[in-house]
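Colleague: Give me a model of this one.
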Amino acid sequence: MAKVPRSLSGKIVAITGGGRGIGRATAAALIAQGARVAIGDIEADLAQRTAQELGSGTIGLALDVTRRESFETFLNQVEERLGPLDVLVNNAGIMPVGPYLDETDAMADRIVDINLRGVMLGSKLALARFVSRPGGHLVNIASIAGKAGSAHLATYCATKHAVVGLTESLRQEYAPAGIAFTVVMPVGVNTELYSGLKQLRGIKTPEPADVANAIVEALQTGRYEVYLPKRMNAIVRSGALLPTRALDAVGRLMGGGGATAEPDHAARAAYEARMARTAAGATASQAPAEQDEPAVPLSQ
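Modeller: Numbering: from 1, shown residues only. Take a look at the predicted model:
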């Protein structure tokens, strides 16, 4: 007999990078289940506008996931305005594409700061709240890149592998305390972040709503690993049994190498420009000793 899905009605959920894409879609899906949602985004105006558009008492707040003070303030405001946190969805992330040797140290730092350190920080701050009231749920958005590498995405893949490992370690450490964990691993999703990239052959490109619905299901059922599309679970597991040469051949057949090695930079221009603007804004908001650092460009 199938388990009865847990009710999400009244649950307090915070989502990072919630202004657009997967974050916004997840907020909408959770609101439809009766959850009370707060979205945080480095673009504060976007967060507030998105919250107003979603309605149902959703709040939008400024959030820089790379700064402890900003993240603590965000979660404190969520709890002050909505109530004790039940779920944190660590969704914020960036994905510059390009040859590893062309990547500046500043760019590498930016990717690691947002995609990994931001998840580590959010996880730590959420768990500190959850341990005193069992029943919390931590959702970390990784990627299929957390299970396999991809050319021209070395640092991004490294951060996503780390998020998968981090979540598994935290699950082993804190699941006995009554805390649930989910790690989400989609292939390229039809969002601005994946603009200008070829999709894998034979694999349907997920929409943000597909990821959002999978997150809702995981929260209702307690599912730990979430692959999108679901068939990627079998592909990843079978791939782990193949020798390297055979695995490379499968990757070429699916078009994995060309997906990121030959991006359409014109199609990615809007995304890259926005990342450069937000990087500049984040730099300007740092302490005076750090204000002289250059803004991090998203393309070389």
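
Colleague: use CA for all of it now, contacts and neighbours both
Modeller: Will do.

Colleague: which residue ranges form the strands in the stretch 51-200 of the chain?
Modeller: 59-62, 87-90, 137-141, 180-186 (DSSP state E, counting those that start in this stretch).

Colleague: JSON lines for the ones you listed, including mean pLDDT, distance to R81 and mean neighbour count?
Modeller: Shown next, in JSON lines, are the strands of the stretch 51-200 of the chain (pLDDT from 0 to 100; distance: least, Cα to Cα, whole Å; neighbours: other Cα atoms under 10 Å):
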{"stretch": "strand 59-62", "mean pLDDT": "98", "distance to R81": "9", "mean neighbour count": "24"}
{"stretch": "strand 87-90", "mean pLDDT": "98", "distance to R81": "15", "mean neighbour count": "25"}
{"stretch": "strand 137-141", "mean pLDDT": "98", "distance to R81": "19", "mean neighbour count": "25"}
{"stretch": "strand 180-186", "mean pLDDT": "96", "distance to R81": "24", "mean neighbour count": "24"}
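
Colleague: who wins for proximity to V97 among the ones you listed?
Modeller: Closest approach to V97 among the strands of the stretch 51-200 of the chain (Cα to Cα): strand 180-186, 17.5 Å.

Colleague: Who does the closest one pair with, and is each partner parallel or antiparallel?
Modeller: Sheet partners assigned to strand 180-186 using DSSP bridges are listed as strand 137-141 (parallel), strand 225-228 (parallel).

Colleague: Adding distance to V13, write those out as CSV.
Modeller: Formatted as CSV, the strands paired with strand 180-186 follow (distance: least, Cα to Cα, whole Å):
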stretch, distance to V13
strand 137-141, 9
strand 225-228, 19
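
Colleague: rewinding a little: tell me which of the strands of the stretch 51-200 of the chain lies nearest to L170.
Modeller: It is, among those and with distance given as Cα to Cα, strand 180-186, at 8.1 Å.

Colleague: got a list of contacts for the closest one?
Modeller: With contacts defined as Cα atoms under 8 Å, 6 or more residues apart in numbering, strand 180-186 is touched by 135-146, 164, 167, 171, 175, 206, 211, 215, 218, 222-229.

Colleague: Extract the C-alpha set from that strand and format it as PDB.
Modeller: Extracted in PDB, the C-alpha atoms of strand 180-186 (Å, rounded to 0.1, in the frame of the first residue of the first chain):
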ATOM      1  CA  ALA A 180      14.900  14.800   6.400                       C
ATOM      2  CA  PHE A 181      17.100  15.500   3.400                       C
ATOM      3  CA  THR A 182      16.700  15.600  -0.400                       C
ATOM      4  CA  VAL A 183      19.300  16.200  -3.100                       C
ATOM      5  CA  VAL A 184      17.800  17.100  -6.500                       C
ATOM      6  CA  MET A 185      19.800  16.200  -9.700                       C
ATOM      7  CA  PRO A 186      18.200  17.400 -12.900                       C
END
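
Colleague: okay, and for the chain, where does confidence drop off?
Modeller: Filtered on pLDDT under 70, the chain yields the residue ranges 1-3, 189-198, 200-203, 231-264, 267, 278-300.

Colleague: all helices of it, in order?
Modeller: Using DSSP state H, the helices of the chain run over 21-32, 44-54, 68-81, 105-112, 118-130, 154-174, 208-221, 232-239, 244-254, 256-261, 265-284.

Colleague: Pick the most buried one from these.
Modeller: Of all the helices of the chain, helix 21-32 has the most neighbours on average by mean count of other Cα atoms under 10 Å, namely a mean of 23.

Colleague: and it with helix 44-54, angle?
Modeller: Angle of helix 21-32 versus helix 44-54, following axes from the mean of the first three to the mean of the last three Cα atoms, to 10 degrees, is 40 degrees.

Colleague: Remind me what helix 21-32 packs against, helices and strands.
Modeller: With contacts defined as 3 or more Cα pairs under 8 Å, 6 or more residues apart in numbering; DSSP states H and E, helix 21-32 has these neighbours: strand 12-16, strand 36-41, helix 208-221.

Colleague: Can I get these in JSON lines including distance to D102?
Modeller: What follows is the helices and strands packed on helix 21-32, written out as JSON lines (distance: least, Cα to Cα, whole Å):
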{"stretch": "strand 12-16", "distance to D102": "29"}
{"stretch": "strand 36-41", "distance to D102": "28"}
{"stretch": "helix 208-221", "distance to D102": "30"}
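
Colleague: who wins for proximity to T159 among the ones you listed?
Modeller: Set against T159 and scored by Cα to Cα, the helices and strands packed on helix 21-32 come closest in strand 12-16, at 16.7 Å.

Colleague: right, and V87 touches V13 too?
Modeller: Yes. The pair V87 / V13 is scored as a contact, 4.6 Å apart, by Cα atoms under 8 Å.
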